[in-house]
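**Student:** Show me the folded form of this:
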Amino acid sequence: NDGNLQLLAIPTNQRAREDLVAVGDHIEAEKDRLLNVFLTFGKCICEQLRSQGYWADYIDPCSGLPMISLNCNKVYSEVDGMECLLNYKAYNAGFCKILTHPKWGSAVYPATIFAYAPVEVAKSLMALFPSAS
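**Tutor:** Down below sits the predicted model:
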């Protein structure tokens, strides 16, 4: 039933072990860890949705480009998305916008999944990941 289908933006935020505004090899290692966690999670969610016949894609937080849809050059800003979708605050630091989570401050790693599916289907998949709820 296509009547239940909706375009969904599924914003995710991981709590970082470090303030990601800082610099250094340990900060880059933490960003890499968080990226790999999200890429595994995003791939899993999208594979599940796609296996049920729905469209889904996840954004590479580093490039802002979709991971599955090819030939797309439209960049999605995770910071702008979190500001718009969750009303999180951000501030400018030079040429970079810094997201601030209401509880974690700038120790946050935002990333987004998009889907065209029923809300209940997406919710049931997300419920399989208790820390993702």
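
**Student:** Give the helix, strand or coil label for the spatially most central residue of the chain.
**Tutor:** Ranked by distance to the mean C-alpha position of the chain (C-alpha atoms, centre = their mean), the top residue is Ala111 at 1.8 Å. What DSSP: H, G, I helix; E, B strand; the rest coil gives for Ala111 is strand.

**Student:** Pairing partners for it in the sheet, please.
**Tutor:** As for beta bridges, Ala111 partners with Thr12 under DSSP bridges.

**Student:** Settle this for me: it is touching Gly42, isn't it.
**Tutor:** Yes. Using C-beta atoms under 8 Å, Ala111 makes contact with Gly42 at a distance of 6.8 Å. Where you see a C-beta, it was placed from the backbone N, CA and C, and this is true even at glycine.

**Student:** Pull up the overlap in contacts between those two.
**Tutor:** Common neighbours of Ala111 and Gly42, counting by C-beta atoms under 8 Å, 6 or more residues apart in numbering, are 58-59.

**Student:** from the chain's centre, how far out does the longest helix anywhere in the chain sit?
**Tutor:** In the chain, with assignment by DSSP state H, the single longest helix is helix 25-51. Centre-to-centre, helix 25-51 and its host chain are 9 Å apart (C-alpha atoms, centre = their mean, to the nearest Å).
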